[in-house]
Every structure is written in structure tokens, then in C-alpha cells.
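Novice: sequence-free structure coming up:
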């Protein structure tokens, strides 16, 4: 629905972001707000869909005579859908339901039925019904995923996944791409940082009524803190945590997830349409002493008249 495309930029494609989006600048368009759209970019013999979703904004640019079009992936439906019962005294409720089925049912309320959910072995609504009311569908399923330290994302076919994928290297991970310097490599720019900014070594979980659970630990190797000093995260979901064991499990899951130093690489590289967040990649950069496998935390693509096709990636471990 676009002619004479001038540039394409993807954005919002990090591990925690609900929606990947693409910003397309073109000279003319026949798109309407709400149209289903795929954004496919790359090279003549090597290209792929980077965003599958819906056109949400069409902005004429004056005096350029061009249009800027914003496309969001399918999870925008979950962000836009507010769950409201016709009868305030009878909200949507679920009892004795597995986590993956709870996520499935709430996404279906927002017309998202192309779904695949793994099985974390967690049952909700065992003591009292889970009430879903006056909350966006995305905010609710995000709470479920955050509680379990799981991941919800939409792939480039429009399918939503609920999986146990941590934003760091775990046993069994295999690299799908190598970033390299040199004349035959693809690296353009690279930076490395090591930080405790995201580290949390104490997790406090609040549930229904007076349920409270705490998990804490010493900081990981390589981090020094004063005695009895903790960086704390709070998880408060009284609508879905209704047992002490559930609260304690949530605290321990998130302690494992968060009590770690984050090593981060940001890089620009020659464009590769096969790269998406959630993959495992490795890097060969001898000048900074960087090597080994990394988790692809964020990947954005851009095609512009000045730079051609580039990817900007954030790697973590």
C-alpha cells in the first residue's frame, strides 16, 4: 500500500517491549488506519518480514509531500483491548486454570488466537477465582509472564508465544549468527558495558489478602555491596497470586532472573533480515576482547538513502 518508499525503521524491538513497530516514510499510500500489514525488507535475494501487524498512524508531512506510517505488530490488539465486564459485579473470572491457558483465554478476548503457549506447570485460581476486570489484555498477560519470569512476544508471522526464554545464555543455546570485524565482517560500530543497574538481589512479592513472600541472596561474584544491603524489586499482583506457595515461587523465579550482573554490547552492523530479538548470536571482536555467545536482547532494522541497510543490536549475557 505504499509507493516510492524513502526509508523504513523498526523500533521497540527489545525483549521486554510488547510491540515491535515499523516506521515507513513514502511518497504516497493507499493504506487506511487498521489495515493488516507486513513489512518485508532486505535484499533482492535475501529478505524477510520484520513486522506483521496493523497500520495505526498515517501522518502527512508538510511541506515534504510525504507520509510517515506507523505499523505495530499483532500484540497492539492486546495493548488496545480494555477488559470491562458489562456487569461490574460479575467480572471475567477463571478457576483452576493452567498459566498457558489463562494467557491464551485473555489474549483471545483481544482477538489474538494465533497462539502457542508452553507449560510452566503453574495453576491459577486454586483458592479463589482470578478476576480480570478494568485492565488491558496486555497488562494482564504481562503480569502472568513477569510473575513466572517467562516471556511473551509476537513473531514475524503474527503468532504470539508464551515461553521460558531468559534474556541471557542458558544451557543448550546455539548461535545462529556471528558478528565479525574486518573486510569480510559485518560489524560497523561496537560498544561494551558491564553494570549492576538491572541487578536485584531481593524480591518481595505481594498477593491476595496478607500474602507476602521474600527471596534474597548475596550479590553475584564480581559485585561488592555493603553488608545487609539489597537492591529490591517488588511484585504486587493481588488479583492472581492467591497462595503462599505461589508467591514464594514467584519470588524465587525472579531472584534467579534478576540477581546477575548484566554485560551488554551495542552494535551497528550490515543489515541482516534474519536477525530478530530472542536469538543467540556470537561476536568476534579481538580489539575489545569480545567473543562467545550472547542473547540478542534488541534488534532494530533501518533502510535509509544515506546508510543503506543497517541493523542496530543490543546483546546481553
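Specialist: Yes, it's here. Just so we're clear, the structure is a prediction, and the values are computed from it rather than from any experiment.

Novice: contacts only, for residue 112.
Specialist: 74, 75, 77, 78, 137, 160 (Cβ atoms under 8 Å, 6 or more residues apart in numbering). From N, CA and C alone the C-beta is placed, and that goes for glycine too.

Novice: so the fourth one, which state does it fall into?
Specialist: When you say that, I think you mean residue 78. Classification of residue 78 using DSSP: H, G, I helix; E, B strand; the rest coil returns helix.

Novice: looking at it, it is touching residue 137, isn't it?
Specialist: Yes - proximity of residue 78 to residue 137 meets the contact threshold set by Cβ atoms under 8 Å, at 4.2 Å.

Novice: hey, what's in contact with both of those two?
Specialist: 107, 110, 112.

Novice: the first one touches residue 137, doesn't it?
Specialist: Read that as residue 107. Yes - with contacts counted by Cβ under 8 Å, residue 107 reaches residue 137, the gap being 6.4 Å.

Novice: check the contact lists of the two and give me the overlap.
Specialist: Between them, residue 107 and residue 137 share the contacting residues residue 78, judged by Cβ under 8 Å, 6+ apart.

Novice: which SSE is residue 220 in?
Specialist: Using DSSP states H and E, residue 220 falls within no helix or strand.

Novice: show me where the stretch 51-200 of the chain has its strands.
Specialist: 66-73, 82-83, 92-94, 97-98, 115-117, 123-124, 130-132, 135-136, 151-154, 160-163, 178-180, 187-195 (DSSP state E, counting those that start in this stretch).

Novice: right, and these - which one's nearest residue 48?
Specialist: strand 66-73 (14.1 Å; Cβ to Cβ).

Novice: show me what that closest one is packed against.
Specialist: strand 2-11, strand 21-29, strand 46-61 (3 or more Cβ pairs under 8 Å, 6 or more residues apart in numbering; DSSP states H and E).

Novice: pull the residues that contact stretch 250-257.
Specialist: 146-149, 166, 200-205, 213-217, 233, 235, 241.

Novice: do stretch 58-76 as well
Specialist: Outside stretch 58-76, the residues touching it (Cβ under 8 Å, 6+ apart) are 2, 6, 18-29, 31-33, 37, 39, 51-57, 112, 114, 138, 152-154, 158, 160.

Novice: cool, and stretch 226-241?
Specialist: By Cβ under 8 Å, 6+ apart, the surrounding residues in contact with stretch 226-241 are 124, 130-132, 143-144, 146-147, 196, 199-209, 211, 216, 225, 247, 250-251, 254, 258.

Novice: show the end-to-end separation of it, please.
Specialist: Stretch 226-241 has its terminal residues 32 Å apart, counting by Cα to Cα, to the nearest Å.

Novice: which of the residues in that stretch are buried?
Specialist: 230, 231, 233, 235, 237, 239, 240, 241 (16 or more other Cβ atoms under 10 Å).

Novice: residue 190: neighbour count?
Specialist: 19 (other Cβ atoms under 10 Å).

Novice: list the beta-bridge partners for the closest residue to it other than its chain neighbours.
Specialist: Distances taken as Cβ to Cβ, 6 or more residues apart in numbering put residue 267 closest to residue 190, at 4.3 Å, once the chain neighbours are dropped. Counting by DSSP bridges, residue 267 is bridged to residue 190, residue 313.

Novice: just to revisit the earlier point, highest mean neighbour count out of the helices and strands packed on strand 66-73?
Specialist: Greatest average neighbour count among these goes to strand 21-29 (a mean of 19), per mean count of other Cβ atoms under 10 Å.

Novice: which other helices and strands does that one contact?
Specialist: Going by 3+ Cβ pairs under 8 Å, 6+ apart, strand 21-29 lies up against strand 2-11, strand 46-61, strand 66-73.

Novice: for residue 304, which of these is the nearest?
Specialist: Across the helices and strands packed on strand 21-29, closest to residue 304 is strand 2-11 (Cβ to Cβ), at 4.7 Å.

Novice: pick out the most distant pair among the contacts of residue 112.
Specialist: Maximum distance among the contacts of residue 112 (Cβ to Cβ): 11.9 Å, for 74 and 137.

Novice: restrict the contacts of stretch 250-257 to the buried ones and give me that as a PyMOL selection.
Specialist: Burial among the contacts of stretch 250-257 is assessed by 16+ other Cβ under 10 Å; the matching PyMOL selection reads:
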select buried, resi 146+147+148+149+166+200+201+202+203+204+205+213+215+233+235+241
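
Novice: so of the contacts of stretch 250-257, which ones are in helices?
Specialist: Mapping the contacts of stretch 250-257 onto helices (DSSP state H) picks out 146, 147, 148.

Novice: quick one: the residue lying closest to the second one once chain neighbours are set aside from residue 206, how far?
Specialist: Leaving aside its chain neighbours, residue 147 sits nearest to residue 250 (4.6 Å; criterion: Cβ to Cβ, 6+ apart). If you measure residue 250 against residue 206 using Cβ to Cβ, to the nearest Å, the figure is 10 Å.
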